[in-house]
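Visitor: sequence? don't have it. structure:
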């Protein structure tokens with residue numbers, strides 16, 4: 001355990017508001033040590049949190065949280081915030097079953113006014129809080145902290161464009177710039193300039209000048225206003241933000257509390273227009289392994305603090321993500337029209353592997369899923385073969401574009417939906433629960449779900465053959481099951497499933513990677529004397545109607561199994577059987593899917609148990625149906 005004598009005296013932010021700068025520096029060092037030690041035991045998002053330790057300390061020192069509203073974008077960076085807001089005693093339960101969430105969560109603490117796990121929402125939410133404050137005649141402060149990656153999303157600019165109109169009181173956005181190098185070098189001079197333009201003296205002169213200019217003819221007023229903005233922009237940057245209506249301050253060193261605290265203190269006093277404070281930080285600050293490898297220490301498993309070595313489990317099978325990247329490389333060698341598109345998740349989707357082989361054929365559009373989808377649509381319309389690789393949960397953000405820009409135009413965009421189904425410690429915000437329903441609802445869509453890594457390879461090949469409409473294939477987080485993958489997989493016949501095991505009494509129709517658990521369930525049933533058929537649907541759309549009707553006709557019980565929300569594959573099967581009259585013959589049919597709740601983070605096995613999708617649950621469902 002780290003030595004934290006000052007942190008031991010801080011339970012809530014009010015306990016640190018009387019600290020001086022040397023004490024705040026000591027507190028920051030202790031919070032950083034506590035964060036490193038805690039995440040070494042639990043795993044989680046490390047680098048981003050280490051980068052905002054000083055900023056977190058400064059904000060809680062200056063703000064009267066929870067009365068004042070502090071919103072963290074994404075939530076990756078909120079671990080120091082949790083330590084300082086009454087949750088230190090539980091910080092070693094991060095992302096564990098029944099423990100703290102890895103993100104901000106309203107139900108967890110009054111210091112989390114807005115939940116966040118997807119990016120680019122903080123400015124919109126903060127602006128909502130500011131407008132609500134104005135409507136209710138209150139005077140609390142509102143601060144939204146957004147990262148340089150999150151500000152690539154259009155939603156951030158939509159909010160900034162609206163800010164000058166939506167509130168006439170205090171509203172601050174802090175741009176945490178830790179990677180994009182959009183700022184000039186920082187140091188004493190830039191901190192000095194930022195302090196000057198945020199200080200009382202400058203503001204008094206500025207306000208006097210405004211009053212003088214207000215009495216000038218209108219054309220001169222506008223000229224004078226732009227002159228002041230551009231003059232300051234030439235010195236400290238930020239003209240773009242000024243044009244959106246913000247008063248820009250920065251860039252400033254986000255790790256230098258001597259400068260950071262007074263600048264933020266001054267900026268919080270500005271109430272005549274929204275303020276953007278540009279803070280430059282280093283991801284992984286204060287922990288050498290994270291500083292030297294920011295990407296690998298963005299999200300970590302348990303690790304040794306001294307060496308930084310992560311305790312990654314040894315697997316006998318490649319991850320589904322790696323299979324996708326590797327297979328795409330194989331096909332790209334024979335087809336120059338194949339390109340990969342990702343929304344700021346190259347390593348998370350396997351596009352980074354493809355990019356190593358074909359760097360000129362990869363497009364990372366930043367955290368901008370809507371743009372990624374329409375960008376892919378444009379490429380497809382001009383004859384390219386784009387693979388749009390986006391986590392299932394993040395594709396929800398681009399669904400309007402999937403409908404209007406891809407599906408209605410029947411454009412052959414191929415959607416690789418990683419992290420489909422449950423995701424363990426990342427919890428409900430990252431679970432890919434809904435894609436079967438929302439993608440399967442679209443006319444013309446070909447929707448596949450891989451049961452293992454060989455099936456995923458075949459589905460990638462299949463999507464390449466579909467050139468007259470969109471297609472999508474889903475696969476989970478984690479490793480495959482260890483089956484052999486052909487040197488170059490052949491495409492599947494569209495809309496055709498497969499019988500994996502023949503039986504006579506019960507038919508289990510699986511979509512996706514619950515096939516392995518379905519096979520285990522069949523073994524349990526066979527031991528009980530119940531002959532069981534196992535089928536792999538492969539396609540949620542179009543359905544293999546002939547195979548499903550045969551299963552319904554030849555078995556007493558039909559069970560569908562999927563790792564998706566209700567209203568998905570099981571619903572599709574039920575509707576087809578009803579329309580074909582197959583339910584009129586006394587068939588006992590049951591659908592098994594994710595429960596109608598947002599499941600909290602836990603270990604994958606515990607989440608599957610809660611969902612009722614393990615082998616024992618499938619077998620029990622069959623026995624219950626048989627009576």
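Guide: Perfect, I can see it now. Quick caveat, the model's predicted, so the values are computed rather than measured.
Visitor: ok, the nearest residue to residue 9 once chain neighbours are set aside to residue 61 distance?
Guide: Nearest-residue entry for residue 9: residue 15, 6.3 Å, with adjacent residues in sequence omitted and distances by Cβ to Cβ, 6 or more residues apart in numbering. For glycine as for every other residue, the C-beta is placed from the backbone atoms N, C-alpha and C. When Cβ to Cβ, to the nearest Å is applied, the distance between residue 15 and residue 61 equals 10 Å.
Visitor: more crowded one of these two?
Guide: Neighbour totals were compared for residue 15 and residue 61, and residue 61 leads with 22 against 14 (other Cβ atoms under 10 Å).
Visitor: is it true that the more buried one lies in a helix?
Guide: Yes. Remark: residue 61 belongs to a helix, assigned using DSSP: H, G, I helix; E, B strand; the rest coil.
Visitor: ok so, going back, which secondary structure state is assigned to the residue nearest to residue 9?
Guide: helix.
Visitor: Mind pulling the model confidence for it?
Guide: At residue 15, the model reports a pLDDT of 97.
Visitor: just checking, it touches residue 6?
Guide: No. Contact criterion Cβ atoms under 8 Å: residue 15 and residue 6 do not qualify, at 10.0 Å.
Visitor: Could you list the residues in contact with stretch 560-575?
Guide: 420-422, 432-437, 440, 449, 476, 508-514, 517-518, 537, 540-541, 543, 548, 583, 589-594, 596, 613, 618 (Cβ atoms under 8 Å, 6 or more residues apart in numbering).
Visitor: give me that answer again for 6 Å
Guide: 421, 433-434, 436-437, 509-512, 514, 518, 540, 591-594, 596 (Cβ atoms under 6 Å, 6 or more residues apart in numbering).
Visitor: For the buried ones among the residues you listed, write the corresponding ChimeraX selection.
Guide: Those of those that count as buried under 16 or more other Cβ atoms under 10 Å are selected in ChimeraX with:
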select :421,433,434,436,437,509,510,511,512,514,518,540,591,592,593,594
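Visitor: quick one: which of the contacts of stretch 560-575 sit in helices?
Guide: Among the contacts of stretch 560-575, the members falling in helices (DSSP state H) are 436-437, 518.
Visitor: Provide a list of residues in contact with residue 140.
Guide: Taking Cβ under 6 Å, 6+ apart, we find residue 140 in contact with 67-68, 133.
Visitor: Equivalent analysis for residue 467, please.
Guide: With contact taken as Cβ under 6 Å, 6+ apart, residue 467 is in contact with residue 412.
Visitor: and what of residue 437?
Guide: Residue 437 neighbours (Cβ under 6 Å, 6+ apart): 567-568.
Visitor: rerun at 8 Å
Guide: Applying Cβ under 8 Å, 6+ apart, the residues contacting residue 437 are 564-565, 567-568, 571.
Visitor: residues contacting the residue nearest to the spatial centre of the chain?
Guide: The centroid of the chain falls nearest to residue 118 when counting by Cα atoms, centre = their mean (4.3 Å). Residues near residue 118 by Cβ under 8 Å, 6+ apart: 74, 393-394, 397, 429.
Visitor: Can you give me the first-to-last residue distance of stretch 109-123?
Guide: Length of stretch 109-123, first residue to last, Cα to Cα, to the nearest Å: 20 Å.
Visitor: How far does that stretch sit from its chain's centre?
Guide: Centroid separation for stretch 109-123 versus its chain: 13 Å, with Cα atoms, centre = their mean, to the nearest Å.
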